[in-house]
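Q: with the input below, show me the fold.
(one chain, ligands or ions: 1)
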Amino acid sequence: MNPDFPVFPAALEAEPWPACVLDMNGRIVGVNGAWDRIARASNGPLGIEVVGTRWSAHITGAELRAWYETLLHRVLDRGAGESLRCDCNTPERYRLFSSRFEPLRRRPSSETVGVLVLTSLIEEAPIGERYPLGTPDELRYRCADGLVRQCSGCRRVRVAGPPPAVWELVPEYVATPRQDVSHGICRLCREIYYGMLPKEEP
Ligand SMILES: [Zn+2]
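A: Model prediction:
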């Protein structure tokens, strides 16, 4: 926790899921205890590694990162909270999370000083029950530009070929991020979870 930051809600420590506080520039100034517990279980960055960094820097893929930065600006500008649901899958588990972004206010002035980001797991299942699973077959997933296209949200990869796009979950590609990946957003995540307009298939 940055000692210069004016507010860090003590109640966050009771939250069973990761929560963090961002300053007005979107930098992480503190995380709760659940952050490290979940980070260790999912090979994510620990609190000590993320405090001081921009929250959005931990979002994979330029388009989704920009989308979240716009959301943070909106929360700060309007002073009104927003929430969304999104997939955050592991090689074995389908995991649907709820994320809330709440403006954080200094008392008693009500001046907005940052954003509180709260997450909670709302649904979980074996990954194969929710998505068709693929095997790491280079020819099946390598697109015409030579790259494998992966969704920044659900982490499925696009089957190479003409539209309409088919996306499959390849556990090996989730477990070990590939170097030859270009990130996009699948139609499910784009339209259902992030409320984006449809986009022409690449
Ligand atoms: Zn997706």
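
Q: which helix in this protein has the most residues?
A: helix 62-78 (DSSP state H).

Q: could you chop the chain up by domain?
A: 10-128, 131-193 (automatic domain parsing).

Q: so which of these is nearest the ion?
A: domain 131-193 (3.2 Å; C-beta to the ion). For glycine as for every other residue, the C-beta is placed from the backbone atoms N, C-alpha and C.

Q: so which residues make contact with the host helix or strand of Ile48?
A: Following DSSP states H and E, one finds Ile48 within helix 47-50. Outside helix 47-50, the residues that touch it by C-beta atoms under 8 Å, 6 or more residues apart in numbering are 20, 28, 30-31, 35-36, 39, 58.

Q: buried among those residues? Need that as a selection in ChimeraX.
A: To isolate the buried ones among the contacts of helix 47-50 in ChimeraX, judged by 16 or more other C-beta atoms under 10 Å, type:
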select :20,28,30,31,35,36,39
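
Q: please flag which of the contacts of helix 47-50 sit within strands.
A: Per DSSP state E, strands hold the following members of these: 20, 28, 30-31.

Q: give me the subset of those residues that also touch the ion.
A: Among these, no residue sits close to the ion (C-beta under 5 Å from the ion).

Q: can you list those in CSV and add pLDDT and distance to Gly114?
A: CSV is the format used below for the ones in strands among the contacts of helix 47-50 (pLDDT from 0 to 100; distance: C-beta to C-beta, whole Å):
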residue, pLDDT, distance to Gly114
Cys20, 95, 10
Ile28, 96, 10
Gly30, 92, 10
Val31, 94, 13
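
Q: let me know the closest of those to Glu69.
A: Closest to Glu69 out of the ones in strands among the contacts of helix 47-50 is Ile28 (13.9 Å), distances taken as C-beta to C-beta.

Q: who's that closest one bridged to?
A: Legend: beta-bridge partners of Ile28 under DSSP bridges are Leu22.

Q: which residues touch it?
A: 20-22, 50-55.

Q: 6 Å instead, please
A: Taking C-beta atoms under 6 Å, 6 or more residues apart in numbering, we find Ile28 in contact with 20, 22, 50-51, 53, 55.

Q: what secondary structure does Tyr173 sit in?
A: helix (DSSP: H, G, I helix; E, B strand; the rest coil).

Q: now do the same contact list for the closest residue to it other than its chain neighbours.
A: Spatial nearest neighbour of Tyr173, chain neighbours left out: Val157 (5.7 Å); criterion: C-beta to C-beta, 6 or more residues apart in numbering. Going by C-beta under 6 Å, 6+ apart, Val157 touches 141, 148, 150, 170, 173.

Q: just to revisit the earlier point, what does the longest helix of the chain rub up against?
A: Counting by C-beta under 6 Å, 6+ apart, 26, 56, 59, 82, 101, 103, 115, 152, 185 sit against helix 62-78.

Q: ok, what's across the strand from the fourth one?
A: Going back to what we said before, that points to Glu82. Going by DSSP bridges, Glu82 forms beta bridges with Phe101.

Q: isn't it up against Arg100?
A: No: Glu82 is not in contact with Arg100 according to C-beta atoms under 6 Å; the separation is 7.6 Å.

Q: pull out the buried residues from the helix or strand of the chain with the lowest mean pLDDT.
A: The helix or strand of the chain with the lowest confidence, counting by mean pLDDT, DSSP states H and E, is helix 33-42 at a mean of 88. By neighbour count on 16+ other C-beta under 10 Å, the buried set for helix 33-42 is 34-36, 39.
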